[in-house]
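> Provide a 3D model corresponding to the input given below.
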Amino acid sequence: MTPAADDSASVRPFARRTGAMTRHRTTARGVSLLILTALAGAALVASPGAAPKPGLVDGKPIVFPLIGDYTYTNNYGDPRVNGSHAGIDIENVPWRTPVVAAEAGRIKWWTTSARAGCMLYLYGRSGTTYLYIHLNNDLTEKSEDSGGCKLGIAYALEDGAKVTAGEQIAYVGDSGDAEGNHHLHFEVHPNDGDDVSPFPYLNAAERLLFPARLGTSFSLGLRGVAVAAGAGSLELRATQVRWWPGGRWTPVVGERTVQLAVAPGAEVDSSLVAALESPARRALQTRAPQVVTAFTGVAKVTATALRGEPGALVATRVARPGGTMVVANPSTPPDEDPAGAITPSSTPIGDPGRRPSG
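Modelled structure (predicted):
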């Protein structure tokens, strides 16, 4: 899908919703047909040549296009002033929230649509094209439109850059006809063709812990309640995450449990030392939830780290407000090495090696 010169031909309408969707009465005959269709569908699913699960691309989930705990509804196809809604709006998202690549591929800026505002095409390695619309064009949260569709304002990467899945590519905003309503309009175009409902893709999507390019360096801050410790690890019920370079404290999806390896010689709050030095991991028994902030050392970005898989992140400092910091020597189970835990143990999320067409 190549953006056309004629804006009205290349971008579907993004105007506000105007009216309710048409409701259709179902007759008895219609009910019977629906039941037969459902039974046929069930038989198809049970057969060896059944269609793939909805929402997967090449048999795998995409990466959710935003970092953070943001919800959405199925507003694909809703009636709009100039036609039906071609994507899904992920609403109530803070200004300049990181927008990430749904899969590995190449990005293309698009800046001449009055309705879409600052817009980005992601040409995925699978052949699927994704559209990210209403990106930021402001210098402040006041929606003054003075930043433009530029690098560092709307876009996080140069036009034409190759990306890995989960890498930050843009910033949420309210450009185009979304003025005053910070959100992301997200579209899915299989085989670079017509739009389809993004709803099943978003439902199946991976929610990464933080955005980054595979193979680059990073460090994290994780804030939450310590729920278990021992055997060289600390388990947090995390509520916020921050990443370096860049980044800001961002809410995680729900209350996400993250199990970190604790490096030998790490600085930790004194209240956690005994548990961390225990040879077995056990639940922490406290009268009140103990909120701590764990900081990781600098490491290479891997697929397991982006997912926050157990042991993929290694803490070098764990602090508590008003607490006392001491050096800990956590007990490490046999045949385990916290420093080696950052080595990928599963298939990488994305590979920038092949340049996609488009």
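> could you measure from A204 over to R256?
Here A204 is placed at a distance of 18 Å from R256 (C-beta to C-beta, to the nearest Å). Glycine gets a C-beta too; all of them are placed from N, C-alpha and C.
> repeat that for G224.
For G224, the distance to R256 - C-beta to C-beta - is 8 Å.
> before we move on, what about E179?
On the measure of C-beta to C-beta, E179 and R256 end up 33 Å apart.
> same drill for the two, tell me which one is more crowded.
Ranked by neighbour count (other C-beta atoms under 10 Å), E179 and R256 place R256 first, with 18 against 15.
> contacts for the helix or strand containing A170?
Per DSSP states H and E: A170 is located in strand 168-171. Residues outside strand 168-171 that contact it (C-beta atoms under 8 Å, 6 or more residues apart in numbering): 67, 96-101, 107, 118, 120, 122, 132, 135-136, 153-157, 161, 163, 211-212, 246.
> hmm, 6 Å instead?
Identification of contacts with strand 168-171 by C-beta atoms under 6 Å, 6 or more residues apart in numbering yields 96, 98-101, 107, 120, 132, 135-136, 155-157, 163, 211.
> which of those residues lies closest to E187?
The closest of the contacts of strand 168-171 to E187 turns out to be Y132 (C-beta to C-beta; 8.2 Å).
> show me what contacts the closest one?
Contacts of Y132 by C-beta under 6 Å, 6+ apart are V99, L120, A170.
> give me the spatial nearest neighbour of the last one, chain neighbours excluded.
Nearest non-adjacent residue to A170, counting by C-beta to C-beta, 6 or more residues apart in numbering: V99, 4.0 Å away.
> and the next helix or strand past the helix or strand hosting that neighbour?
Using DSSP H and E, the element containing V99 is strand 98-100. The helix or strand immediately downstream of strand 98-100 is strand 105-113, counting by DSSP H and E.
> still on that earlier bit, now the residue nearest to A170: how far from S233?
32 Å.
> the two: who's more crowded?
Neighbour totals were compared for V99 and S233, and V99 leads with 28 against 24 (other C-beta under 10 Å).
> now, among the contacts of Y132, which is nearest to L272?
For these, the nearest to L272 is V99 (35.9 Å; C-beta to C-beta).
> so what sits opposite the closest one in the bridge?
L66, A170 (DSSP bridges).
> pLDDT score assigned to it?
Note on V99: pLDDT of 97.
> now do A274
pLDDT at A274 comes out at 89.
> ok so it is a helix residue?
Yes. The assignment for A274, made by DSSP: H, G, I helix; E, B strand; the rest coil, places it in a helix.
> ok, it to G322 distance?
19 Å.
> same question for S143.
40 Å.
> and if you look at A315?
19 Å.
> cool, D89 as well?
Distance from D89 to G322, by C-beta to C-beta: 42 Å.
> the more surrounded of these two?
D89 (22 against 6).
> dihedrals phi and psi, A204?
Here is the backbone geometry of A204 (degrees, to the nearest 10): phi -90, psi -10.
> correct me, but it touches I62?
No. Taking contacts as C-beta atoms under 6 Å, A204 lies outside contact range of I62: 7.6 Å.
> of those two, give the one with the bigger neighbour count.
Applying other C-beta under 10 Å to A204 and I62 shows that I62 carries more neighbours, namely 25 against 16.
> now that one: closest residue in space, sequence neighbours ignored.
A102 (4.1 Å).
> how about A319?
Closest to A319 by C-beta to C-beta, 6+ apart is T293, at 5.3 Å.
> pull the contacting residues for the one you found.
Here T293 is in contact with G221, R223, A319 (C-beta under 6 Å, 6+ apart).
> so what are the sheet partners of whatever helix or strand it lives in and their directions?
Secondary structure from DSSP H and E places T293 in strand 291-296. Next to strand 291-296 in the sheet, as set by DSSP bridges, lie strand 217-230 (antiparallel), strand 314-319 (antiparallel).
> go through it and flag the buried ones.
Buried residues in strand 291-296, defined by neighbour count with 16 or more other C-beta atoms under 10 Å: V292, T293, A294, F295, T296.
> so how far is it from its chain's centroid?
22 Å (C-alpha atoms, centre = their mean, to the nearest Å).
> tell me the mean pLDDT for that strand?
On average, strand 291-296 scores 96.
> just the CA coordinates for that strand, please, in CSV.
Extracted in CSV, the C-alpha atoms of strand 291-296 (Å, rounded to 0.1, in the frame of the first residue of the first chain):
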residue,chain,number,x,y,z
VAL,A,291,6.4,-1.0,47.7
VAL,A,292,9.9,-1.1,46.3
THR,A,293,11.7,0.2,43.1
ALA,A,294,14.1,-2.2,41.4
PHE,A,295,16.7,-1.0,38.9
THR,A,296,18.4,-3.3,36.4
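> C-terminal to that strand, what's the next element?
Past strand 291-296, the next helix or strand by DSSP H and E is strand 299-300.
> can I get stretch 59-67 in PDB, CA atoms only?
Presented in PDB, the C-alpha positions along stretch 59-67 are these (Å, rounded to 0.1, in the frame of the first residue of the first chain):
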ATOM      1  CA  GLY A  59       0.800 -17.900  13.000                       C
ATOM      2  CA  LYS A  60       2.100 -15.400  15.600                       C
ATOM      3  CA  PRO A  61       0.600 -12.500  17.600                       C
ATOM      4  CA  ILE A  62       1.600  -9.000  16.700                       C
ATOM      5  CA  VAL A  63       2.900  -6.600  19.300                       C
ATOM      6  CA  PHE A  64       0.300  -4.300  20.900                       C
ATOM      7  CA  PRO A  65       1.000  -0.800  19.300                       C
ATOM      8  CA  LEU A  66       1.200   1.000  22.700                       C
ATOM      9  CA  ILE A  67       3.300   0.600  25.800                       C
END
